[in-house]
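# quick one, what's the 3D model for this:
(one chain, ligands or ions: 1)
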Amino acid sequence: MEARVPYPYEFKEISDEEKAEVARLFRYPHIESIRVGPKGYLMQKRFRDHAEDFYNLPIRPDDLFVVSYQRSGTTLTQELTWLLMNNLDYTTALNVPISHRYPFLEIFMYYEDFRKEQQKNSYDVETKEKLQKTLEVMSLPVVEKLAAMPSPRFIKTHMPLSLLTPTLVDTAKTVYIARDPRAVAVSSYHHAKLFKVLDFAGEFKEFWHLFRKDRYMITPFFEHLKEAWEKRHHPNMLFLFYEEFAKDLPATIRRVAAFVGKELNDEQMARLCDHMSVENFKKNKSVNYEDLREFGFFLPNETFIRKGKSDDWRNYFDEELSLDAQRWIDDNLKDTDLRFPTV
Ligand code: A3P
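Numbers count the residues shown, from 1 in each chain. Coordinates of the predicted model:
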């Protein structure tokens, strides 16, 4: 067994002013955050107790990781890679929730909040059984969860690469998916209004300012992307943009297939493109997370799979916000050749 590496980063409390802002904008009272490391990633306070485990995760060479800043197209990348690696087994894909096939690495840090929500509700027998299974998947801390998974393991994470084990990309295939931050912000705003354990109470403008001031979870956004962008030429790394899927779905599927060493004939491609459409994702209970609504974890009026468009963000940005966003993006792209595909 390899020696455990001591955790290299420091933790910093957030300011009272930031705490007050969170308390004002989120109706859910339990969010407590902390900043980690030189980039100051904003993480759940509970992360502190597990940080060293994440930094020392035992990775297997046949693991497949999908890494992203949230709301960047993670679910569609998970579904695509899972199907490619599992002989296009649509029967299992349509019957086993993606959260079980492709667990979310750090979800256990939110388990207590979901459990508290669950205790407020009553369920019929069938829902209770399903909920039990979901909570089981959710509750296991990271090391136990990964150890219990048979190979090949499929793992989703929203953690930046620097907070995971430094051996990850050298050891296992990693797909990073990025998206225009304006679209990520709009999608995250709706996501924050979907989950009872967030219950965002503000307007989009307020959300935007939280996000671009690095005051929303796992920000700074650009640092998250740049860490992966720097590794994009590594043979184990595939760097994708959400916008590529909208521009040319078959070509993007082919790129992902080549990365995982698979080929598709025309018929297989046609079926996969159909399966991957956002309309079908909305109806597909294995990927749309509607079971969480059954369990009482969602608020009405929002859905996990939403519009699935690359340019919907334009409807949320007035002139002033557009200018602010453009300046912020330009500023952050100054020292890198990372560019978002135009839509
Ligand atoms: P919108 O909120 O802009 O619609 P993640 O899976 O990382 O949480 O990303 C969620 C975003 O991807 C949401 O964006 C969601 O609608 C979109 N999405 C999910 N499945 C999709 C698909 N099959 N095609 C296009 N977009 C999809």
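# give me every residue that touches Leu135.
Shown in contact with Leu135 (CB atoms under 8 Å, 6 or more residues apart in numbering): Tyr111, Phe114, Arg115, Gln118. To be clear about C-beta, it is placed using only N, CA and C from the backbone, and glycine gets the same treatment.
# centre of the chain to the helix or strand that contains it, how far?
If you go by DSSP states H and E, Leu135 is part of helix 125-139. Distance, stretch centre to chain centre, for helix 125-139: 21 Å (CA atoms, centre = their mean, to the nearest Å).
# make residue 1 into 22 and carry on from there
All set: I'll call the first residue 22, so the last point we hit is now helix 146-160.
# looking at this, Arg56 is in a strand?
Yes: secondary structure of Arg56 (DSSP: H, G, I helix; E, B strand; the rest coil): part of a strand.
# look at it and say how many residues are nearby.
Arg56 has 19 neighbouring residues, counting by other CB atoms under 10 Å.
# so what's Lys33 closest to, chain neighbours aside?
Arg56 (4.3 Å; CB to CB, 6 or more residues apart in numbering).
# ok, back up a step: how distant is the next helix-or-strand element following the helix holding Leu156 from the center of its chain?
Per DSSP H and E, the first helix or strand lying C-terminal to helix 146-160 is helix 163-169. For helix 163-169, the gap between its own C-alpha mean and the chain's C-alpha mean amounts to 19 Å (CA atoms, centre = their mean).
# please point out which parts of stretch 179-196 sit buried.
179-186, 189-190, 192-196 (16 or more other CB atoms under 10 Å).
# so what touches stretch 33-49?
By CB under 8 Å, 6+ apart, stretch 33-49 touches 50, 52, 54-57, 61, 63, 134, 213, 217-223, 227-228, 231, 236.
# show me those residues that map onto strands.
Mapping the contacts of stretch 33-49 onto strands (DSSP state E) picks out Ser54, Ile55, Arg56, Val57, Leu63.
# quick one, what contacts the fourth one?
Contact analysis of Val57 by CB under 8 Å, 6+ apart lists Tyr30, Glu31, Phe32, Lys33, Met64, Phe68, Ala72, Leu184.
# got it, and the third one?
For Arg56, the contacting residues are Phe32, Lys33, Glu34, Ile35, Tyr62, Leu63, Met64, by CB under 8 Å, 6+ apart.
# partner residues bridging it?
Assessed by DSSP bridges, Arg56 has beta-bridge partners Lys33, Leu63.
# and the gap between it and His211?
Taking CB to CB, to the nearest Å as the measure, Arg56 falls 26 Å from His211.
# likewise for the fourth one?
Distance from Val57 to His211, counting by CB to CB: 26 Å.
# what's the answer for the second one, then?
Ile55 sits 26 Å away from His211, taking CB to CB as the criterion.
# can you check the first one too?
Counting by CB to CB, the gap between Ser54 and His211 amounts to 21 Å.
# tell me the SS of Asp358?
Applying three-state DSSP: Asp358 is coil.
# how near is it to Glu251?
Distance of Asp358 to Glu251, computed by CB to CB: 11 Å.
# cool, and Ala24?
Taking CB to CB, one finds Ala24 at 26 Å from Glu251.
# check Lys304 too.
The spacing between Lys304 and Glu251, counted by CB to CB, is 38 Å.
# looking at those two, which one has more neighbours?
When neighbours are counted by other CB under 10 Å, Lys304 and Glu251 differ, and Glu251 comes out ahead with 14 against 11.
# what's the pLDDT at the more buried one?
What the model reports for Glu251 is a pLDDT of 98.
# count of neighbours near the residue in the stretch 122-271 of the chain positioned nearest to the ligand?
Ranked by CB to the nearest ligand atom, the top residue of the stretch 122-271 of the chain for proximity to the ligand is Ser208, at 3.2 Å. Ser208: 22 surrounding residues under other CB under 10 Å.
# which other helices and strands does the strand or helix carrying Glu300 contact?
Assigned by DSSP H and E, Glu300 falls within helix 299-304. Packing partners of helix 299-304 (3 or more CB pairs under 8 Å, 6 or more residues apart in numbering; DSSP states H and E): helix 95-106.
# dump whichever helix or strand comes after the helix it packs on to PDB, keeping only the CA atoms.
The first helix or strand that comes after helix 95-106 along the chain, using DSSP H and E, is helix 111-116. Coordinates of each C-alpha in helix 111-116 appear next as PDB, following Å, rounded to 0.1, in the frame of the first residue of the first chain:
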ATOM      1  CA  TYR A 111     -30.200   0.500 -22.900                       C
ATOM      2  CA  THR A 112     -32.200  -1.900 -20.800                       C
ATOM      3  CA  THR A 113     -30.000  -1.300 -17.700                       C
ATOM      4  CA  ALA A 114     -29.600   2.300 -18.500                       C
ATOM      5  CA  LEU A 115     -33.300   2.900 -18.600                       C
ATOM      6  CA  ASN A 116     -34.000   0.900 -15.400                       C
END
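# in helix 111-116, what's buried?
Buried-residue list, helix 111-116, by 16+ other CB under 10 Å: Ala114.
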